[in-house]
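A.B. asks: Requesting a structural model of the entry that follows:
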Amino acid sequence: MNIENSNIEEWKNTLEELKKEIKSNKEKHQLDEPLYKWLNTQQNNYISKRAIMKNTVIYDYWNQFTNECKQNMTDENYENYFYNQIFSWETQFIELQQFINTHKRFPVEENKDDSGVYYFFCMNQYGYLDNTLPVKKYDKWDTFIETHKEYMAATNIDNDSIYKRIYQTWEEIFSYLQQFVYTNKRIPNQCDENIHYWFITQNKSYKTKTHSMKSTPRYNKWTQFIEDYQQYFIEKYGKPHNEIKEFMSEEELWHTTFAELRQFIDTNRRAPGLITNNNEEIELCHWLILQSKRYTKGKITEKLSQTGLNGRNAYSKMVGAEKTIWSYFVKDYSEHIDKPTDVWDLSLEKLKQFIDTYKKLPWYREPGSSHRGLISHIYSTTSYTDEQSIYNFLCMECNKYLHKPEKCKKYGVWSQFLEEYKEYFTYDNHIINNSNQLVFLSDLSELKYYISHTLHNNTKTERESLIYDWWISSLLENPEFNNMYLDNYKEYMVYLLWDEKIALIKRFIDTNKKLPWYKNTDEKELYDLLYELNRIALFYNESKWKEFLLEYKQYFIRISDYWEYTFIRSIHKYLRWMSDFSELQHFIHKNNRLPEWDAADYEHSLHYFYNDNKYKKYQLFYIDNNVFYERFNSFIKTLL
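C.D. replies: Just a heads-up that it's a prediction; the model follows:
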């Protein structure tokens, strides 16, 4: 079955799922979020005859389906499902306002009845906070948030939720950023996933005085922030704030990169190339190729993209000042940029050199990425690192070779390459035949490399942590990996997980008489290790993990008669709760009193945890909450 037929079958299966939901008399807003989103997308595509609706079979299917619904539904229900589903931003904005005015709160993820409006709120609120909403929508959303901020504060959400940020105002996040920089003596980087992207987008808006920075008070606050912490910008980027590329507008970035390109050619008497270990030269080479395409082949479009050094979108034709500047550049530097060097051949040579050197395929994940488990394919030509640019070339050429051979520049050369390196491209005893297999083999190749190079190294780099996380997720979630490769790696898993690392946790608990606390920077690494061990216990060595829990059960509140079973199959915030509770126990034992509200940050944080649990604000466990809170309060009494 080819990919197109596979997609059609998947589409039909999803449609059948939707039909079942409609027959069960579910309202639109009661649909699960993925199905709700899928329905919206199909109706949009149907109206405009785009994407999968270009397929006449699919189009006729959808037309027949909607006609059947019109006959069998009430007019009101049909309109609710299909007319309002025409993805009008204004319509959904009105729905959200009506929801808030009725419920006196914002929608939350945990409540399934909120799923329809929650998705719309979530996407737009992220765009609002990160300054990526179109300007007109941003202005309307800004007024909307200001008008309804009292309901934002009244929305009950877990303090540790990864979604907490969308319920915060600009001023609250800015206050958090100030505290972060003051405490850590640096500005955020990619590993600080909860604040880094917001920090970057605010700087971009500051340069252009758009979005959030149209507000004079916010602009002035950011100006003062830059002045106060200019030293940290220089420490990270090697230059002051106003010269940092990451914060530049598209136009500023284009002219700055153009100047760097000219300086490179003047200094080296050649154009930048791909066969080098200098990442800056590689990025300049990609930028040169992209601008040349825009100059000669680009289409006229107003669409721009935030693509770092790539500047303008690859399909936007060069116009105006850029075109004039580039035309003079082509004439003045023709001897350097018109040499008959085949970029495709250079890229293939670089790919071969990489495999020969490292004995593995290039990997596609960026160090510091916040994604967990198996992540999506990367088809972008944006090069985060040298290795990723090599992977992107590999991925694109494999896709052409497998699915669009007429577009494969050198089909015979690529066939020979796959045969020459078939040990890296063999999937289930045959050369790969789809891009999913390439992604899988790239992951597996990196895993083998990790095992062979870091087996006896107790210190994990960012890259090793990412690999390890992918490994655990695969073991738990990917039966294909289990069936094909697990037996070959069990011995390494035993070594990595159980021979040494459980002993580290025990040693900490025995010494400190508490669990490691995730909010303490000195203990965070051990907490993460505890989390890893708990995740893998579901798949491997559950009996030993139960022994550990029973041995140290005095550090856990017994929330049910099956707490050992529940804990092993818990979600991440359950473990965080246990870590908080252990820290609270430790505080009470040490001070013989409860933490107070008006104390330092450490004690203040514990007070909030205690208060939330005492007054039943912490909606966490899948058991009778009344039973849990009775046990919680009685347990606290035994400590005092």
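A.B. asks: Regarding I432, what are the backbone dihedral angles?
C.D. replies: Here is the backbone geometry of I432 (degrees, to the nearest 10): phi -50, psi 150.
A.B. asks: so it makes contact with L444?
C.D. replies: No: with contact defined as Cβ atoms under 8 Å, I432 does not count as touching L444 (11.8 Å). Bear in mind the C-beta positions are built from the backbone N, C-alpha and C, glycine included.
A.B. asks: Can you show me the helices along the stretch 301-450 of the chain?
C.D. replies: 320-332, 334-337, 343-358, 386-403, 411-420, 422-425, 435-454 (DSSP state H, counting those that start in this stretch).
A.B. asks: Let me have the ones you listed in CSV, extended by mean pLDDT and distance to K236.
C.D. replies: Converted to CSV, these look like this (pLDDT from 0 to 100; distance: least, Cβ to Cβ, whole Å):
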stretch, mean pLDDT, distance to K236
helix 320-332, 85, 30
helix 334-337, 80, 33
helix 343-358, 84, 29
helix 386-403, 82, 21
helix 411-420, 88, 40
helix 422-425, 88, 37
helix 435-454, 75, 28
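A.B. asks: Just send these back as JSON lines, with mean neighbour count and distance to Y527 too.
C.D. replies: Converted to JSON lines, the helices of the stretch 301-450 of the chain look like this (neighbours: other Cβ atoms under 10 Å; distance: least, Cβ to Cβ, whole Å):
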{"stretch": "helix 320-332", "mean neighbour count": "13", "distance to Y527": "51"}
{"stretch": "helix 334-337", "mean neighbour count": "14", "distance to Y527": "53"}
{"stretch": "helix 343-358", "mean neighbour count": "15", "distance to Y527": "33"}
{"stretch": "helix 386-403", "mean neighbour count": "20", "distance to Y527": "30"}
{"stretch": "helix 411-420", "mean neighbour count": "13", "distance to Y527": "44"}
{"stretch": "helix 422-425", "mean neighbour count": "14", "distance to Y527": "37"}
{"stretch": "helix 435-454", "mean neighbour count": "18", "distance to Y527": "21"}
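A.B. asks: Same question for the closest residue to H604 other than its chain neighbours, what's its three-state structure.
C.D. replies: Leaving aside its chain neighbours, H604 sits nearest to W597 (6.5 Å; criterion: Cβ to Cβ, 6 or more residues apart in numbering). State at W597, reduced to three classes by DSSP: H, G, I helix; E, B strand; the rest coil: coil.
A.B. asks: roughly how far apart are W597 and F609?
C.D. replies: The gap separating W597 from F609 is 12 Å, by Cβ to Cβ, to the nearest Å.
A.B. asks: if we can go back for a sec, could you dump the helices of the stretch 301-450 of the chain into JSON lines and include distance to T521?
C.D. replies: As requested, the helices of the stretch 301-450 of the chain are arranged in JSON lines below (distance: least, Cβ to Cβ, whole Å):
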{"stretch": "helix 320-332", "distance to T521": "47"}
{"stretch": "helix 334-337", "distance to T521": "50"}
{"stretch": "helix 343-358", "distance to T521": "33"}
{"stretch": "helix 386-403", "distance to T521": "30"}
{"stretch": "helix 411-420", "distance to T521": "47"}
{"stretch": "helix 422-425", "distance to T521": "40"}
{"stretch": "helix 435-454", "distance to T521": "24"}
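A.B. asks: Which one of these lies nearest to H255?
C.D. replies: helix 320-332 (8.3 Å; Cβ to Cβ).
A.B. asks: mean confidence score for stretch 38-50?
C.D. replies: For stretch 38-50, mean pLDDT is 76.
A.B. asks: got the buried residues for it?
C.D. replies: Neighbour-count burial for stretch 38-50 flags W38, L39, N40, Q42, Q43, N44, N45, Y46 (criterion: 16 or more other Cβ atoms under 10 Å).
A.B. asks: Among those residues, pick out the one closest to I100, please.
C.D. replies: N40 (20.4 Å).
A.B. asks: For the closest one, pull up the helix or strand it's in.
C.D. replies: Using DSSP states H and E, N40 sits in helix 33-48.
A.B. asks: For that helix, which helices and strands make contact with it?
C.D. replies: helix 3-23, helix 56-72, helix 115-129 (3 or more Cβ pairs under 8 Å, 6 or more residues apart in numbering; DSSP states H and E).
A.B. asks: want to throw these into a markdown table with mean pLDDT and distance to I100?
C.D. replies: Putting those into a markdown table (pLDDT from 0 to 100; distance: least, Cβ to Cβ, whole Å) gives the following:
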| stretch | mean pLDDT | distance to I100 |
| --- | --- | --- |
| helix 3-23 | 76 | 25 |
| helix 56-72 | 82 | 29 |
| helix 115-129 | 82 | 9 |
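A.B. asks: Can you name the residues that contact Y126?
C.D. replies: T132, I166 (Cβ atoms under 8 Å, 6 or more residues apart in numbering).
A.B. asks: what's the spacing between it and P595?
C.D. replies: In terms of Cβ to Cβ, Y126 sits 33 Å off from P595.
A.B. asks: and A503, how many neighbours?
C.D. replies: By the criterion of other Cβ atoms under 10 Å, A503 has 10 neighbours.
A.B. asks: what residues are up against I325?
C.D. replies: Contacts of I325 by Cβ under 8 Å, 6+ apart are F258.
A.B. asks: State the three-state secondary structure for A259.
C.D. replies: helix.
A.B. asks: Just the pLDDT at it, thanks.
C.D. replies: So A259 comes in at 88 (pLDDT).
A.B. asks: how close does it get to D266?
C.D. replies: 11 Å.
A.B. asks: Show me the domain layout of the chain.
C.D. replies: Following automatic domain parsing, the chain resolves into domains at 3-154, 169-247, 250-341, 344-458, 500-639.
A.B. asks: How about residues contacting stretch 209-226?
C.D. replies: Stretch 209-226 is touched from outside by 131, 133, 135, 138, 142, 170, 174, 177-178, 202, 205-206, 233, 241, with contacts defined as Cβ under 8 Å, 6+ apart.
A.B. asks: Return the members of these classed as buried.
C.D. replies: N131, L133, Y138, D142, W170, F174, L177, Q202, S205, Y206, F233, H241.
A.B. asks: ok, now which ones touch the last one?
C.D. replies: Under the criterion of Cβ under 8 Å, 6+ apart, the contact partners of H241 comprise N203, I226, Q230, F233, F247.
A.B. asks: Nearest residue to I52 in space, please, no chain neighbours.
C.D. replies: Excluding the flanking residues, the one nearest I52 by Cβ to Cβ, 6+ apart is I58, at 5.3 Å.
A.B. asks: What is the neighbour count of that neighbour?
C.D. replies: I58 has 20 nearby residues by other Cβ under 10 Å.
A.B. asks: State the distance from it to Q43.
C.D. replies: 13 Å.
A.B. asks: any weak-confidence spans in the stretch 201-350 of the chain?
C.D. replies: The stretch 201-350 of the chain contains residues with pLDDT under 70 at 274-277, 297-316, 338-343.
A.B. asks: Understood, closing this out.
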